[in-house]
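S.K.: Sequence and predicted structure, then a few things I'm wondering about:
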Amino acid sequence: MTLATGNYEGEISKHVVVYSSDPNHSEIKLTVSGHIRIDFKLEPDGIMFRNHRRYMELTREIRIQGERSDQIRIKDIESSNKLIDGTVQSIQQDDKSFQIIKVQIKPGLPLGRLNDVITVLTDSPKYPRISVQIHGEIIGNISVKPERIDFGFFNKESLPPAKTIFLTMEKPGDRFEIQAIEDGTGVLIHKVLTVKEGTQYQVCVDLLPEFNKKLINGSLFIHTNYPGEEKIRVSLNGGLKPEAPFP
């Protein structure tokens, strides 16, 4: 019988059933227990973040742990993304020297979800290459609130009130202008108000008085002159309440 430890660490117990031809002991239940010790691991073994503005830098620290962590040396760190970098540093703690990995997410990544990886190379034949997954979400330097407008469901005779979208430049020193509004639904009236020239604007949106669509399911696009964020999307939802059936 073999107990595969996998990625377990610490106390572990597994139950097995042995079947025999002995009628008095045809089924025997056994428990296999043990304490699993890891000789080398990275903690954490991945990096996750969200809502990180693309002008900012993010630094995360990965500790090297395990029974043999002081015997295994890191030779190099590979990254296919020039904006993601990993460096090895030594720190002193409790009169001992430890290696840590500092991962830097540099400014300039494109908007949206980030799924990347860095590879840690060691001098250990058992752990020659260790992958560190990096998952995150990069958001724009222009904040948009709300990112989604829900008009709800309403009667044709009582359209919902106008909604306001707030756009603010979050990167100090940068400026932007709203150049156009594109209504992907064809049911809106819109107006742009300047709160602070170059840094703060409001976009007020209202439904056309003759609105008669059952559903609103589309987008409003705000066009700006800011590189990398030239087209900002705000999703729109809502529609008319179903008409009551005639008695």
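M.R.: Received it, and whenever you're ready, just let me know what you need.

S.K.: where in the chain is pLDDT low?
M.R.: 1-13, 33-37, 243-247 (pLDDT under 70).

S.K.: If we use 90, what do you get?
M.R.: Scanning the chain for pLDDT under 90 picks out the ranges 1-41, 43, 63-74, 89-100, 126-127, 154-159, 184-186, 209-215, 217, 239-247.

S.K.: Relative to Ile181, how far out is Ser235?
M.R.: Per C-beta to C-beta, to the nearest Å, Ser235 is found 15 Å from Ile181. In short, each C-beta sits where N, CA and C put it, glycine included.

S.K.: Can you show me the helices along this structure?
M.R.: In the chain, no helices are defined using DSSP state H.

S.K.: distance of Val88 from Asp94?
M.R.: Counting by C-beta to C-beta - Val88 and Asp94 are separated by 20 Å.

S.K.: the more surrounded of those two?
M.R.: Val88 (16 against 5; other C-beta atoms under 10 Å).

S.K.: show me what contacts that one?
M.R.: Ile74, Ile77, Gln99, Ile100, Ile101 (C-beta atoms under 8 Å, 6 or more residues apart in numbering).

S.K.: how about 6 Å then?
M.R.: Residues in contact with Val88, defined by C-beta atoms under 6 Å, 6 or more residues apart in numbering, are Ile74, Gln99, Ile101.

S.K.: pretty sure the second one is touching Ile64, no?
M.R.: It stands for Gln99. Yes. Counting by C-beta atoms under 6 Å, Gln99 touches Ile64, with 4.9 Å between them.

S.K.: Can I get the contacts of Val88 in a markdown table including neighbour count?
M.R.: Shown next, in a markdown table, are these (neighbours: other C-beta atoms under 10 Å):
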| residue | neighbour count |
| --- | --- |
| Ile74 | 19 |
| Gln99 | 16 |
| Ile101 | 19 |
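
S.K.: quick one: which of those sit in strands?
M.R.: Among these, the ones falling in strands (DSSP state E) are Ile74, Gln99, Ile101.

S.K.: Is the second one bridged to anything, and to what?
M.R.: According to DSSP bridges, Ser90 are recorded as the beta-bridge partners of Gln99.

S.K.: what does the first one give?
M.R.: On the basis of DSSP bridges, Ile74 is bridged to Thr122.

S.K.: So it versus Ser80, what's the distance?
M.R.: Applying C-beta to C-beta to Ile74 and Ser80 gives a distance of 18 Å.
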